[in-house]
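A.B. asks: Let's see this in three dimensions:
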Amino acid sequence: QLQASGGGLVQAGGSLRVSCAASGSISTIYNMAWYRQAPGKQRELVASITRAGNTDYADSVKGRFTISRDNAKNTVYLQMNSLKPEDTDVYYCNAVIRATDWVSREYWGQGTKVTVSS
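C.D. replies: Below is the predicted model:
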């Protein structure tokens, strides 16, 4: 249902954009978000965006990351600028989707690895 892409290796100070597209029997996509998780650590919220476009960010990424969405394409993006080595993680997209059966469910993407070298 959620397919993430765009991760990779980048030098510190560089930029990267990850994308996540939803597919299937979609009626409405509500909140969309990006989380990240390092090995042995809890998954943490990086940024979220409502259907209306209201955003929220973790303090650690404010001013550097921008979340956006294209409702026509059922896609959420995370533009990451001024990347730091501590941003190295697996990034997961998350969405609450109401399907055509009128049931709302939470979905997770498969994760995309972002590595920032110093």
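
A.B. asks: give me the number of residues near the nearest residue to residue 76 once chain neighbours are set aside?
C.D. replies: Once flanking residues are discounted, residue 76 sits nearest to residue 32: 4.0 Å by C-beta to C-beta, 6 or more residues apart in numbering. Just so you know, the C-beta spots here come from the backbone N, C-alpha and C atoms, and that holds for glycine as well. Using other C-beta atoms under 10 Å, residue 32 has 28 neighbouring residues.

A.B. asks: One more: the one 5 residues further on?
C.D. replies: For residue 37, the tally of surrounding residues (other C-beta under 10 Å) stands at 14.

A.B. asks: Quick check: the gap between it and residue 94.
C.D. replies: 12 Å (C-beta to C-beta, to the nearest Å).

A.B. asks: List the residues that contact the residue nearest to residue 76.
C.D. replies: Taking C-beta atoms under 8 Å, 6 or more residues apart in numbering as the contact definition, residue 32 lies against 20, 48-49, 67, 69, 76, 93-96.

A.B. asks: Now it: which helix or strand?
C.D. replies: strand 26-37 (DSSP states H and E).

A.B. asks: With residue 4 instead?
C.D. replies: Going by DSSP H and E, residue 4 is in strand 2-5.

A.B. asks: quick one: strands adjacent to that strand?
C.D. replies: In the sheet, strand 2-5 lines up against strand 16-22 (antiparallel) (DSSP bridges).

A.B. asks: model confidence over the partner strand, on average?
C.D. replies: Mean pLDDT, strand 16-22: 97.

A.B. asks: cool, and stretch 64-80?
C.D. replies: 97.

A.B. asks: Grab the nearest non-local neighbour of residue 114.
C.D. replies: Per C-beta to C-beta, 6+ apart, closest to residue 114 is residue 7, 4.8 Å.
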